[in-house]
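Chemist: Here's my sequence, what's the structure:
(one chain, ligands or ions: 4)
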Amino acid sequence: MRYWWALLLPVAGLATIPGAVADPVPPQTTAFVEGSCALCHAVPGLPAEPRTTSCTDCHIWIKAVASDPRKREKAKEIFPLWERYEKNVHSYLEVPNLEAAMARLEPEWVRGYLQDPHDLRPNLDESMPRFALSEATLDSIEQAFEQARVDVEPTPKPRRKNVEAGEALFTSAGCAACHSLGPHHTSVSLPMAPDLAHTRARMDPDVAVAWIANPKAVSEHATMPALGLDQDQAVLLRDYIWLARLDWESSQVTQAVIEPTTQPVTWEDVESRVFGRICAHCHMNPELNQGRAGPGNAGGFGYAPTGIELETYEGVVAAIDAIPDALQRRRDEADRDWVKPGSAPRVLTRPDQPGMPLGHPPIPDEDISLVLGWIDQGMPR
Ligand code: HEC
Ligand code: HEC
Ligand code: HEC
Ligand code: HEC
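Modeler: Residues are numbered from 1 along each chain as shown. Ligands and ions are numbered 1, 2, ... in the order given. Alright, predicted model coming up:
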C-alpha cells in the first residue's frame with residue numbers, strides 16, 4: 001500500500017449514526033451527512049469523524065507526529081514517503097467552528113455560499129470545496145442555521161457619523177491585529193479571522209454588535225476573545241465595519257494565456273509537482289489504496305463518480321483530454337473566489353463543472369505550463 005492515507009471518505013458509511021437508533025434522525029442532521037460536512041467541521045449532533053477519514057484530524061495528526069522526534073522516527077520507518085507528507089500537508093490544519101457560525105451567520109447567505117463558495121479569509125490558502133447539493137439538502141441546512149441563530153437585543157441602525165470613531169477604536173482595541181477589512185488593516189491578520197468586508201453581507205447588524213461586545217455570549221464555541229468593550233463601543237465598531245468605504249480592485253485577475261514550457265519535462269516532474277502532490281489525493285487508484293478511490297474518482301461532496309485516477313502514469317494519460325481544461329477553469333474561478341468586499345457574492349456564476357483542484361487554490365501558472373509542455377512533448381515517462 002503506497003498511500004496509507006487511502007482510508008479516505010467513506011461518505012456512505014457516515015449515514016449510520018451511532019446512537020441514532022431510537023430517535024428519528026432530524027432532517028438537518030441528514031443534510032449535514034449528505035454534505036460530508038463532518039469531514040472538516042465538528043457538526044453538532046454528529047459523532048466526530050475518525051482520523052482515517054477526517055481531512056482535518058489526519059492532517060493535524062501528521063503535523064503533531066512531525067513535531068515529536070520519537071514518533072517521527074517511527075513514522076519514517078512505516079511510511080517511506082513520510083518526509084514528503086510533512087513537507088506538503090498544510091491545508092485544513094484549522095477550520096472555522098460550525099456552531100459559532102450557525103449562531104451568528106444569516107442562513108440565506110450560507111445557502112448561497114454553499115452553492116458558490118468564495119474566499120473569506122485571505123491568509124488561509126484552502127477554502128470550502130464546491131458541493132453539488134440538492135435543493136432539499138440546501139433547504140435543510142438553511143433551516144438548521146435558522147434554528148441555531150441567536151436572539152439578541154435590537155440596536156440603533158448603523159450611522160455614518162460613527163465611522164471615524166469606529167475606525168480609531170478598531171486599531172486601539174486590537175481588532176486590526178487579527179482582522180483585515182477589505183483594503184484596510186491588511187498588514188497583520190490571523191489566518192482564521194475572517195476579512196470583515198464580507199460581514200455586512202452575512203451577518204445581521206444587531207448580532208454583530210452582540211458578537212463584538214462578547215463573542216462567547218453569542219456562541220460558547222467562539223474562538224475570538226472578548227475584548228472588554230461596552231455596548232456603545234461595540235456599536236461604533238459595527239458601524240465602521242458596516243459603512244467603511246471599500247473601493248478596491250481585485251489584484252488577482254491575471255488571465256494571461258499560459259504557454260506550454262519548451263524545457264524537457266518528465267513524468268517525475270509533473271507527478272511530484274502536480275498530480276502526486278495534490279490531484280492523486282482525491283483521485284486515487286483503488287488498487288494501491290485498499291479499494292479507496294477518493295471523491296474525485298468514486299464520487300463525493302454530492303458529485304457522481306468520474307472514474308478519473310491521477311495517481312499512476314496510466315491513469316493520468318487516460319484522463320489527459322480533460323485535464324488542461326479543468327486546470328484552466330479553476331484558474332478562472334480564482335477571480336470569482338474574490339468577491340468585491342461589501343457586495344453579495346455572485347451566486348451561481350460558475351460553470352456547471354468545478355475547476356480543479358476543487359476547493360484549493362489554482363495550480364501555479366508555472367506548473368500548468370509544465371503540464372502543458374509535458375503533453376506537447378508526448379507525455380514521456
Ligand atoms: C474539505 C473540508 C470542508 C468540508 C467538507 C466542509 N467545509 Fe465548510 N469550511 C471549510 C473551510 C476551510 C472553511 C473556511 C473558508 C474560508 O474562510 O475561506 C469553511 C467555512 C465554512 C463556513 C463559513 C464559516 C465562517 O466562520 O466563516 C460555513 C458556514 C461552512 N463552512 C459550512 C459547511 C457545511 C454546511 C458543510 C457541509 C455541506 C461544509 N462546510 C463542509 C472546509 C470544509
Ligand atoms: C488518513 C490521513 C489523511 C486524510 C484522512 C486526508 N488526508 Fe489529505 N493528505 C494526507 C497526506 C499524508 C498528504 C500528503 C501527500 C503527499 O504529499 O504525497 C495529504 C495531502 C493533501 C493535499 C495536498 C497538500 C495540502 O495540504 O494542501 C490536499 C489538498 C489534501 N490532502 C486534501 C484532503 C481532503 C480534501 C481530505 C478529506 C476529504 C483529506 N485530505 C484527508 C493525509 C490525509
Ligand atoms: C485574537 C484575534 C481576534 C481579535 C483581536 C478580534 N477578532 Fe474578531 N474574530 C476572530 C476570529 C477567529 C473570528 C471567527 C469566528 C470565531 O471562531 O470566533 C472572528 C469573528 C469576528 C466577527 C464575525 C465576522 C464574520 O463575518 O463572521 C466580527 C464582526 C469580528 N470578529 C469583529 C471584531 C472586532 C470589532 C474586533 C475588535 C474589538 C475583533 N473582532 C477582534 C479573531 C479576532
Ligand atoms: C478535494 C478533492 C479534489 C482534488 C484535490 C482534485 N479533484 Fe478533480 N475532481 C474532484 C471531484 C469531486 C470531481 C467530480 C466533479 C464533477 O463531476 O464535475 C472531480 C473531477 C475531475 C475531472 C473531471 C471533470 C472535469 O472537470 O473535466 C478532472 C479532469 C479532474 N477532476 C482533474 C483534477 C486534477 C488535474 C487535479 C489536480 C490539479 C484534481 N482533479 C484535484 C475532486 C478533486
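
Chemist: For the rest of this, base every contact and every neighbour count on C-alpha atoms.
Modeler: Will do.

Chemist: number of nearby residues for Glu83?
Modeler: Other residues within reach of Glu83, judged by other C-alpha atoms under 10 Å, total 13.

Chemist: hmm, I was thinking of Ala66
Modeler: 20.

Chemist: got it, and the one 5 residues further on?
Modeler: Summarising burial for Lys71: neighbours were counted as other C-alpha under 10 Å, giving 12.

Chemist: Then Asn162?
Modeler: When neighbours are counted by other C-alpha under 10 Å, Asn162 comes out with 17.

Chemist: What residues does the residue in the stretch 251-381 of the chain that ligand 2 sits nearest to make contact with?
Modeler: Using C-alpha to the nearest ligand atom, the single residue of the stretch 251-381 of the chain nearest to ligand 2 is Ile278, 4.4 Å away. Counting by C-alpha atoms under 8 Å, 6 or more residues apart in numbering, Ile278 touches Pro357.

Chemist: Run a quick neighbour tally on Pro69.
Modeler: 10.

Chemist: Low-confidence stretches in the chain?
Modeler: Applying pLDDT under 70 to the chain picks out residues 1-26, 248-255, 335-351.

Chemist: At the contact with ligand 2, which residues of it appear?
Modeler: Within the chain, the positions near ligand 2 by C-alpha under 6 Å from any ligand atom are 5, 7-9, 39, 51-55, 58-59, 84-85, 88-91, 276-278, 281.

Chemist: Okay, and which of the residues you listed map to helices?
Modeler: Judged by DSSP state H, helices contain the following of the residues of the chain next to ligand 2: Cys55, Cys58, His59, Arg84, Tyr85, Asn88.

Chemist: Quick check: the last one vs Ile62, distance?
Modeler: The one in question is Asn88. In this view, Asn88 and Ile62 are 10 Å apart by C-alpha to C-alpha, to the nearest Å.

Chemist: Who has more neighbours out of these two?
Modeler: Legend: neighbour count by other C-alpha under 10 Å for Asn88 and Ile62, higher for Ile62 (18 against 11).

Chemist: got the contact list for the residue nearest to the more buried one when sequence neighbours are not counted?
Modeler: Closest residue to Ile62 apart from its sequence neighbours, by C-alpha to C-alpha, 6 or more residues apart in numbering: Glu86 at 6.7 Å. Glu86 makes contact with Ile62, Lys63, Ala66, according to C-alpha under 8 Å, 6+ apart.

Chemist: For the second one, what is the enclosing helix or strand?
Modeler: So that's Lys63. helix 55-66 (DSSP states H and E).

Chemist: That helix near ligand 4 anywhere?
Modeler: No. Using C-alpha under 6 Å from any ligand atom, helix 55-66 never reaches ligand 4; the gap is at least 9.7 Å.

Chemist: Stretch 89-103 too?
Modeler: No. Using C-alpha under 6 Å from any ligand atom, stretch 89-103 stays clear of ligand 4, coming no nearer than 10.7 Å.

Chemist: which residues touch that stretch?
Modeler: 40-44, 55-57, 59-60, 62-63, 125-126, 144-146, 148-150, 192, 218-222.

Chemist: Give me every residue in the protein lying close to ligand 4.
Modeler: Residues of the chain found near ligand 4 (C-alpha under 6 Å from any ligand atom) are 274-275, 278-279, 281-282, 295-296, 299-300, 303-304, 322-323, 326, 353-358.

Chemist: I'd guessed Trp82 sits against Ala75; true?
Modeler: Yes. In this structure, Trp82 is within contact of Ala75 by C-alpha atoms under 8 Å, at 6.8 Å.

Chemist: ok and the residue in the chain nearest ligand 1?
Modeler: Counting by C-alpha to the nearest ligand atom, the chain gets nearest ligand 1 through Cys37, at 3.3 Å.

Chemist: how about the closest residue to that residue other than its chain neighbours, phi and psi?
Modeler: Distances taken as C-alpha to C-alpha, 6+ apart place Val43 nearest to Cys37, at 7.1 Å, with adjacent residues excluded. Phi and psi for Val43, reported as degrees, to the nearest 10, are phi -100, psi 130.
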